[in-house]
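> The following block contains a protein sequence and its predicted model.
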Amino acid sequence: CASAPLAVLSRMLLPLLLLLTASGAEARDSRAKSLPIPKNITNKCSPDNLDHQTSSSCNVCKDCCQDMNGFSDPQAACDSCVEWKCRFNGPKWNEASFAKPKIHYAPSCLMNGGWHDIAAAATHKGLHHIFFGCDATIGGWHHAVSDDLVHFTELKGAPRQIQEGYAGMSSFSTPCSGFITFDEDGTPCAGFRQCGSSESVTGFDKDENGNNVGWNVPMEVRCASDDYLTEWNDPDFLFNVSYYRSVPYDPARPWIDEDGNWYMLVSIDACNATTKELPCDQGGALMLYMSEGSLHGPKSDWQQLGIVYETEKTVMPNTKLTKEMVTIDFVGGLKGDPFGGKTRVFFNNVGGNGGGEGCCSGTTSYTVVRQEEPGAKFDVNTTSNFDGVGMVDWGAFPIESELTAKGCFGRSCL
């Protein structure tokens, strides 16, 4: 995940376009009755109002946070929770007014520290939802909604920092970058990993030197319980994600493929099974997971299938990727696909976590690939420009190079 606000702003158009290319459950949802933009939005409580706390020690933040008795310092934990979830006034834009985009949405929390990926985006009942990472300000995702992709209204509810436990893990960390998808029932579900933990999953809680580590935490989903995506249910853990070093392990939005199974890609370091050293000459890799049952719940049965793609290529010559891929997405079902629906497009923020040598940090690339069958390794379509890899920021998005020669550019090429 990237940390610079300007890098986020330069990549902002991509997820909004992806909202329009969604298929499957997202496409089914688009036919649902549209909701109005909510008005008169208020917070549940405020740090300035003592009525939201108990008189003794703020062990429970009424109407705001969960019971904090399990923490060594319940008061400090509760104060942090109130600050993140219940504040009246958010951060202010501290740059000149002309520096704030007038069309692309730019919440003021982008001016604060932390990471600011567009963590997820989805269209639900006629409204377009966008979630930014604003961990340093609100302890999780920032949430805004629009009915025209130009005018946005901030909503207060989103996946935020909560205490979690799973297989020995203890985590009060913020949700990292992830996705919004729709389960078999059409319910919007947010997926991600906690950004860290005080104790990792049992058996993966120490490095090779016996030191305690906090990055081995599971993939999870939290599903919305209201149509405005402001109330989120408890975590449903899918599978553990554990490797030799701390990386974002960003996931791509899961999808149901032609065989009826669920699939999910997770970014990893391509040297995880070999040298386990940086820089990694093999670059980044994509680990594929599959569930023959449901997305989540008792019928889900997520299994690791293996690496389906690895590369050190970037969007520029004489450069290479030496770390993991980040802020990824994976789309298919593209209109006009000349390969009968087999084409997929993989998106990657090249070098966004400091992994590029010679160029490209923060640029969003796309790679045109095909899978002969669900779960198969990627076959990169080298008949497209840039030998199968292009750069979204340049507006070049053809499936085949011949389309560019015919004057087809941008999304019209899809």
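The structure has been received and is ready for your questions. Residues are numbered from 1 along each chain as shown.

> and stretch 105-118, which residues are buried?
Neighbour-count burial for stretch 105-118, with 16 or more other C-beta atoms under 10 Å as criterion, is recorded at 105-112, 114-118. In short, each C-beta sits where N, CA and C put it, glycine included.

> Could you pull out the helices in the stretch 301-414 of the chain for me?
Using DSSP state H, counting those that start in this stretch, the helices of the stretch 301-414 of the chain run over 401-405.

> which regions of it sit below the pLDDT cut-off?
Judged by pLDDT under 70, the stretch 301-414 of the chain has its weakly predicted residues at 351-356, 359-363, 382-388, 392-414.

> Same question for the chain.
1-32, 40-92, 351-356, 359-363, 382-388, 392-414.

> What lies in contact with the longest strand anywhere in it?
Longest strand in the chain by number of residues (criterion: DSSP state E): strand 302-311. Outside strand 302-311, the residues that touch it by C-beta atoms under 8 Å, 6 or more residues apart in numbering are 219, 238-239, 262, 264-265, 268, 270, 282-291, 321, 346, 367, 369, 371, 375-378, 380.

> Direction included, what does that strand pair up with?
Take DSSP bridges as the rule and strand 302-311 pairs in its sheet with strand 284-291 (antiparallel).

> returning to what we had before: what residues sit buried inside the longest strand of the chain?
If you call a residue buried by 16+ other C-beta under 10 Å, then strand 302-311 has these buried ones: 302, 307-311.

> and if you look at stretch 268-279?
268-272.

> taking those as a set, which two sit the farthest apart in space?
Using C-beta to C-beta, these span at most 9.3 Å, a distance reached by 268 and 271.

> and the buried residues of stretch 105-118 as TSV, adding distance to residue 206 and secondary structure?
Shown next, in TSV, are the buried residues of stretch 105-118 (distance: C-beta to C-beta, whole Å; DSSP: H, G, I helix; E, B strand; the rest coil):
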residue	distance to residue 206	secondary structure
105	42	coil
106	41	coil
107	38	coil
108	40	helix
109	35	helix
110	36	helix
111	38	helix
112	33	coil
114	27	coil
115	26	coil
116	32	coil
117	29	coil
118	34	strand
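
> ok, of these, which one's closest to residue 163?
residue 114 (19.7 Å).

> so what's residue 215 up against?
Listed by C-beta under 8 Å, 6+ apart, the contact set of residue 215 reads 196-197, 200, 245-247.

> and those residues, which are buried?
For these, buried by 16+ other C-beta under 10 Å: 196-197, 200, 247.

> follow-up on the earlier one: next step: the contacts of strand 302-311 restricted to strands.
Those of the contacts of strand 302-311 lying in strands (DSSP E): 219, 238-239, 262, 264-265, 268, 284-291, 321, 346, 367, 369, 380.

> Just the buried ones from those residues, in PyMOL syntax?
The buried subset of the ones in strands among the contacts of strand 302-311, as determined by 16+ other C-beta under 10 Å, is captured in PyMOL by this line:
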select buried, resi 219+238+239+262+264+265+268+284+285+286+287+288+289+290+291+321+346+367+369+380
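
> before we move on, back to that, return the member of the buried residues of stretch 105-118 nearest to residue 135.
Checking the buried residues of stretch 105-118 against residue 135 with C-beta to C-beta, the nearest one is residue 114 at 4.3 Å.

> and the closest one, what does it touch?
3, 133-137 are the contacts of residue 114 under C-beta under 8 Å, 6+ apart.

> Reformat these as JSON lines; add neighbour count and distance to residue 148.
Formatted as JSON lines, those follow (neighbours: other C-beta atoms under 10 Å; distance: C-beta to C-beta, whole Å):
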{"residue": "3", "neighbour count": "17", "distance to residue 148": "30"}
{"residue": "133", "neighbour count": "31", "distance to residue 148": "24"}
{"residue": "134", "neighbour count": "29", "distance to residue 148": "23"}
{"residue": "135", "neighbour count": "25", "distance to residue 148": "28"}
{"residue": "136", "neighbour count": "16", "distance to residue 148": "30"}
{"residue": "137", "neighbour count": "23", "distance to residue 148": "26"}
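
> Could you pick out which of those residues are located in helices?
135-137 (DSSP state H).

> Dump those residues into TSV; add distance to residue 257 as well.
As requested, these are arranged in TSV below (distance: C-beta to C-beta, whole Å):
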residue	distance to residue 257
135	32
136	37
137	37
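
> Which of those residues sits closest to residue 208?
Distances from residue 208 to the ones in helices among the contacts of residue 114, taken by C-beta to C-beta, are shortest for residue 135, at 28.7 Å.
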